[in-house]
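Participant: coordinates only, no sequence provided:
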């Protein structure tokens, strides 16, 4: 292929072709080298990714604004057209919410008294950073977004990212002024969850579609379409009880969940620092690595009980089948 | 008379335009748009530009540049490292060697050429990404991405051709 590229130039020595071909082969080899390097998943790659996000974030910050204002305009036109119906709907919703407010007040009062009685220690205060979505990456190959907040604002790797509706994902890399958020629909995302009504534990595993899968469900788990899915808090990465989605379909080999958010409408996100280190913390990963003991297979000894270990292999399509595994995960 | 510093700088800046245009298209690819379809599959804008420049000005967009732009794409989009670099280098080398075939032919020939080149390019991207992630990525999204890429090529090519005529005529 390379020897055809050359003859366009009149002066053309065999040395030059050889050099061209050598450069081509060298580039191909370095591409494969990069793949190996990326597979090793070193901290270095993560730093470089964070740095590249920092690099383009000022530009994206500016050019994503006109895009957002165009979206706003179309939204406004749409809202204007549906003003009447929207008003009716809101009126009805308001009535329902007022009833709920009454119930919530009673419950919160009761809860406060019960906490007093039981000397309950409150979880650590929540630190929220609100930031704008400045880029939406990938599409077919990756589900992640870039936000305009980084370590400068207190954002760190592993923190939960939530929207008004519920959990969106977690911070994959935090740069100085921008970070990449791995959405729960990404193929690399595993979140320990619990079914709201039946309290069955499972993993929410993304597979790059808009409907992530519930994996490691026990065989006798009672899951039906419409059930709400919440974070379970296992593994210490996310606090328990953040809504994630609603079970959308239950079939023989897959339970799929419809997330609360719609990816194309993500605009402002909140990064929540719950003060949890989680299994994603770099210190823990570093501590758990140098175990050269052949007897230790995969569970590092310093993880607390009940921690779900994320399976490394392609377990995305397992569905409900590995009940033995799930029992091991659950206890 | 020796050409002035500004003149030489001007030539260099113009010569960098192809690489810059690919970079700009990469950023456009990253824009968060409220279109439901684009959030599941996006057109490969960088691929279009790399193909266009390798056919028309292979001297200004070399394989090394394609490699670096692919690396940038992988870093920014959170894709497995090296895959885009490989794809763009292959597309650059392949298209540059066939460049003369497209000269003095109607645009539709180039469009067909791109539609053909994009198939193996996206297939390799899908296969290698799946292999590196360790699970089969949904093929439907890749198909949608291909259709979008092939359908939007004339728009991108038109813009690049306009830029080529105005900026690169004497470079």
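Facilitator: Arrived safely, thanks for sending. No experiment lies behind these values; they were computed from the predicted model shown. Numbering: from 1, shown residues only, chains lettered A, B, ... in the order given.

Participant: buried sites along the host helix or strand of residue A:136?
Facilitator: If you go by DSSP states H and E, residue A:136 is part of strand A:127-138. For strand A:127-138, the neighbour count (16 or more other C-beta atoms under 10 Å in any protein chain shown) marks A:129, A:131, A:132, A:133, A:134, A:135, A:136, A:137, A:138 as buried. All C-beta spots, glycine's among them, are computed from the backbone N, C-alpha and C.

Participant: what sits against the nearest residue to the third one once chain neighbours are set aside?
Facilitator: Looking back up the chat, that one is residue A:132. What sits nearest to residue A:132 in space, not counting adjacent residues and going by C-beta to C-beta, 6 or more residues apart in numbering or on different chains, is residue A:148, at 5.0 Å. By C-beta atoms under 8 Å, 6 or more residues apart in numbering or on different chains, residue A:148 lies in contact with A:57, A:61, A:131, A:132, A:134, A:177, A:178.

Participant: repeat that for 6 Å
Facilitator: Residues near residue A:148 by C-beta atoms under 6 Å, 6 or more residues apart in numbering or on different chains: A:61, A:131, A:132, A:134, A:178.

Participant: so which of those is the closest to chain B?
Facilitator: Closest approach between the contacts of residue A:148 and chain B, by C-beta to the nearest C-beta: residue A:134, at 7.1 Å.

Participant: per-residue pLDDT, the residue nearest to residue A:132?
Facilitator: Note on residue A:148: pLDDT of 90.

Participant: likewise residue A:284?
Facilitator: Reported pLDDT for residue A:284: 58.

Participant: again, but for the one 5 residues further on
Facilitator: At residue A:289 the predicted local confidence, pLDDT, stands at 55.

Participant: which secondary element of chain B has the worst mean pLDDT?
Facilitator: helix B:36-40 (a mean of 71; mean pLDDT, DSSP states H and E).

Participant: right, and the helix or strand after it?
Facilitator: Taking DSSP H and E, what comes next after helix B:36-40 is helix B:45-56.

Participant: nearest spatial neighbour of residue B:85, skipping sequence neighbours?
Facilitator: residue B:70 (3.4 Å).

Participant: what's the separation between the one you found and residue A:30?
Facilitator: If you measure residue B:70 against residue A:30 using C-beta to C-beta, to the nearest Å, the figure is 11 Å.

Participant: what sits against the nearest residue in space to residue A:156 that is not next to it in sequence?
Facilitator: Closest residue in space to residue A:156, ignoring its immediate chain neighbours: residue A:174 at 5.4 Å, by C-beta to C-beta, 6+ apart. Residue A:174 sits next to A:150, A:151, A:155, A:156, A:157 when contact means C-beta under 6 Å, 6+ apart.

Participant: what comes up buried for stretch B:19-38?
Facilitator: B:19, B:21-34, B:38.

Participant: which one of the residues you listed is nearest residue B:117?
Facilitator: Closest approach to residue B:117 among those (C-beta to C-beta): residue B:22, at 15.5 Å.

Participant: the closest one falls within a helix, correct?
Facilitator: Yes. Counting by DSSP: H, G, I helix; E, B strand; the rest coil, residue B:22 falls inside a helix.

Participant: what helix or strand is residue B:100 on?
Facilitator: For residue B:100, the element it lies in under DSSP H and E is helix B:99-102.

Participant: work out the gap between that helix and the centre of the chain.
Facilitator: Offset of helix B:99-102 from its chain centre (C-alpha atoms, centre = their mean, to the nearest Å): 17 Å.

Participant: what helix or strand is residue 25 located in?
Facilitator: All of this refers to chain A. Per DSSP H and E: helix A:14-40 holds residue A:25.

Participant: think we crossed wires, I meant chain B
Facilitator: Element membership of residue B:25, judged by DSSP H and E, is helix B:17-30.

Participant: mind checking how far that helix is from the chain centre?
Facilitator: Distance of helix B:17-30 from the chain centroid (C-alpha atoms, centre = their mean) equals 8 Å.

Participant: from the contact counts, what lies against it?
Facilitator: Contacts defined by 3 or more C-beta pairs under 6 Å, 6 or more residues apart in numbering or on different chains; DSSP states H and E place helix B:17-30 against helix B:45-56, helix B:63-77.

Participant: which SS state does the residue nearest in space to the middle of chain A fall under?
Facilitator: Nearest to the mean C-alpha position of chain A, counting by C-alpha atoms, centre = their mean, stands residue A:169 at 2.6 Å. Of the three states, residue A:169 takes strand under three-state DSSP.

Participant: re earlier: who's in contact with the least confident helix or strand of chain B?
Facilitator: Contacts for helix B:36-40 (C-beta under 6 Å, 6+ apart): A:263, A:264, B:141.

Participant: give me the subset of those lying in strands.
Facilitator: Using DSSP state E, no member of the contacts of helix B:36-40 sits in strands.

Participant: closest one of those residues to residue A:195?
Facilitator: residue A:263 (23.4 Å).

Participant: returning to what we had before: would you turn the contacts of helix B:36-40 into JSON lines with neighbour count and distance to residue A:209?
Facilitator: Output for the contacts of helix B:36-40, formatted as JSON lines (neighbours: other C-beta atoms under 10 Å in any protein chain shown; distance: C-beta to C-beta, whole Å):
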{"residue": "A:263", "neighbour count": "20", "distance to residue A:209": "11"}
{"residue": "A:264", "neighbour count": "17", "distance to residue A:209": "15"}
{"residue": "B:141", "neighbour count": "20", "distance to residue A:209": "8"}
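
Participant: for the buried residues of strand A:127-138, work out which two are farthest apart.
Facilitator: The largest separation in the buried residues of strand A:127-138, counting by C-beta to C-beta, is between A:129 and A:138 at 23.3 Å.

Participant: gap between the residue nearest to residue A:58 when sequence neighbours are not counted and chain B?
Facilitator: In space, and not counting its chain neighbours, residue A:58 is closest to residue A:177: 7.9 Å by C-beta to C-beta, 6+ apart. Distance, residue A:177 to chain B, using C-beta to the nearest C-beta, to the nearest Å: 15 Å.

Participant: residue contacts, residue A:177?
Facilitator: A:54, A:57, A:150, A:152.

Participant: was I right about residue A:35 contacting residue B:82?
Facilitator: Yes. Taking C-beta atoms under 6 Å as the definition, residue A:35 is a contact partner of residue B:82 at 3.9 Å.

Participant: and the pLDDT at residue 115?
Facilitator: Reading this off chain A. For residue A:115, the pLDDT comes out at 85.

Participant: ah, I was thinking of chain B
Facilitator: At residue B:115, the predicted lDDT confidence score is 93.

Participant: enumerate every residue touching it.
Facilitator: residue B:150.

Participant: before we move on, back to that, can you tell me which of the contacts of residue A:177 is nearest residue B:53?
Facilitator: residue A:57 (26.5 Å).

Participant: check which helix or strand the closest one maps to.
Facilitator: Per DSSP H and E: helix A:43-81 holds residue A:57.

Participant: which secondary structure elements does that helix contact?
Facilitator: The helices and strands touching helix A:43-81, judged by 3+ C-beta pairs under 6 Å, 6+ apart, are strand A:127-138, strand A:167-174, helix B:63-77.

Participant: got JSON lines for those, with mean pLDDT and distance to residue B:93 too?
Facilitator: Listed next are these as JSON lines, based on pLDDT from 0 to 100; distance: least, C-beta to C-beta, whole Å:
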{"stretch": "strand A:127-138", "mean pLDDT": "84", "distance to residue B:93": "25"}
{"stretch": "strand A:167-174", "mean pLDDT": "90", "distance to residue B:93": "32"}
{"stretch": "helix B:63-77", "mean pLDDT": "91", "distance to residue B:93": "6"}
